[in-house]
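Novice: just a sequence and a predicted model for now, questions to come.
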Amino acid sequence: MAKKKNEEKNTQQKTNIMDDLLKKYQPKIIKKGSEIEAKIVSLSKKGIVFDIGAKAYAQLGELEIKEVSTYLPYLKPGDKIQVKVISEESKNGYPVVSLRKFFEKGKWEILKEKKDKEEEIEVVCGEYGKGGIFVDFMGIRGVIPKIQLTEPFISNPEKLNGQKIKVKILEVNKEKNRLVVSQKASALKISQKELKERFDAIKEGKVYKAKVLGASEFGVFCEVEGVEGLVHISEISWEKVSNASAYVKPGEIIDVYVVERNEKDLKLNLSLKRLTPDPWEKIEEKYPKDKEIEGEIVRKEKYGYFVRLEPGIEGLIHISKLKGDENIKIGDKIKAYVERISLKDRKMSLVLPQKEKPVFYR
């Protein structure tokens, strides 16, 4: 009797253990659109197999298989990764999942790693715009600044449209969706360590020889001892500059003054005008109030006419100081009087001489 009771007890214990095991290993109920953690079982160029806790292993969707090869060096069996269920059961009987979210995140991680290791990446070049050559890296849009090109592309950047080229990464920022790369650094095998050493050797407030790489609406792009620099259009001359290319030629060697060093980007802010005296320094001595001056009408604005007295010095004849019948034209040489000077704002107000003496009535 006791023996029978022990057998029944053992059978019940085994049943309970089996129930617990079945509960423990009961396949997950997966739903289309849900995001779950999956473990990589195997991976190759033909696809990836995942264990998602379902009754069958899941596979990567066919549309994403072509992207797998890019990520193979960064994944291995046993890795756990977030996937999205796009089909609970395909016609072949297995679930299908997507790595789209990982692909987007993974691209930025790859870029950051490549930048840290100073390794090259291959990009597809697009159109040339104000910022430079637009490029594509696995769907991420980036740019090659014009100054980061070598010849013949720096002279004709449009030639790169549609080409696949190797570049090095200068800046990568996922939060700002910003990717800046350099064809020059790749072609010339320039390392960031070497560039940093060159940059650190350059001092603010000093004058250096610079090679002109090109000009744009922003100013003049230069290279100072292998370091990128920009003479902003406002730093070319003390007078107003509308066309930077009129002042320099590509390949020309010029003197530049280092205004500022940008530690973050390893770039230089340069100046040409600071190599010459500021014409406004002694402006009040040279052009005292009520002094008669001679100048040339250089441009017309809706609020008046600008008169150039000398390079870097212009005065304004405000429209409120005109009668309306003066017939002033661009290029006219005129005489005027200094009405007011604001050294702080670097502005000078002028008035035309009266043609007739006022008539007073008694």
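Specialist: Right, received. Where do you want to start? Residues are numbered from 1 along each chain as shown.
Novice: right, and the helix or strand after the lowest-mean-pLDDT helix or strand in the chain?
Specialist: Every helix and strand of the chain was ranked by mean pLDDT, DSSP states H and E. The lowest is helix 2-24, at a mean of 53. Helices and strands here follow DSSP states H and E; after helix 2-24, the next one along the chain is strand 35-44.
Novice: ranges for the strands of the stretch 51-200 of the chain?
Specialist: Assigned by DSSP state E, counting those that start in this stretch, the stretch 51-200 of the chain shows strands spanning 58-60, 80-87, 96-98, 120-129, 132-137, 140-144, 164-173, 178-182.
Novice: counting by contacts, list what the third one packs against.
Specialist: To tie it back to what came earlier, the one meant is strand 96-98. Applying 3 or more Cβ pairs under 8 Å, 6 or more residues apart in numbering; DSSP states H and E, we find strand 96-98 packed against strand 58-60, strand 80-87. Where C-beta positions appear, they are placed from N, C-alpha and C, glycine not excepted.
Novice: okay if I get those as JSON lines plus mean pLDDT?
Specialist: Converted to JSON lines, the helices and strands packed on strand 96-98 look like this (pLDDT from 0 to 100):
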{"stretch": "strand 58-60", "mean pLDDT": "90"}
{"stretch": "strand 80-87", "mean pLDDT": "89"}
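Novice: let's have those in a markdown table, adding mean neighbour count and distance to residue 217.
Specialist: Converted to a markdown table, the helices and strands packed on strand 96-98 look like this (neighbours: other Cβ atoms under 10 Å; distance: least, Cβ to Cβ, whole Å):
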| stretch | mean neighbour count | distance to residue 217 |
| --- | --- | --- |
| strand 58-60 | 23 | 47 |
| strand 80-87 | 17 | 45 |
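Novice: now the closest residue to residue 35 other than its chain neighbours: how far from residue 169?
Specialist: Distance criterion Cβ to Cβ, 6 or more residues apart in numbering; nearest residue to residue 35, sequence neighbours excluded, is residue 84 at 5.1 Å. Separation of residue 84 from residue 169 (Cβ to Cβ, to the nearest Å): 29 Å.
Novice: element containing residue 297?
Specialist: Per DSSP H and E: strand 292-301 holds residue 297.
Novice: what does that strand contact?
Specialist: Contacts with strand 292-301, where a contact means Cβ atoms under 8 Å, 6 or more residues apart in numbering, come from 287, 305-309, 314-315, 328-338, 350, 353.
Novice: only the buried subset of those residues, as a ChimeraX command please.
Specialist: Here is the ChimeraX command that selects the buried residues among the contacts of strand 292-301 (16 or more other Cβ atoms under 10 Å):
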select :287,305,306,307,308,309,314,315,334,336,337,338,350
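Novice: just the contacts of strand 292-301: which are in strands?
Specialist: In this view, those that belong to strands under DSSP state E are 305-309, 314-315, 333-338, 350.
Novice: before we move on, back to that, okay, the strands of the stretch 51-200 of the chain in TSV with distance to residue 320 next?
Specialist: Shown next, in TSV, are the strands of the stretch 51-200 of the chain (distance: least, Cβ to Cβ, whole Å):
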stretch	distance to residue 320
strand 58-60	73
strand 80-87	67
strand 96-98	68
strand 120-129	42
strand 132-137	45
strand 140-144	46
strand 164-173	49
strand 178-182	47
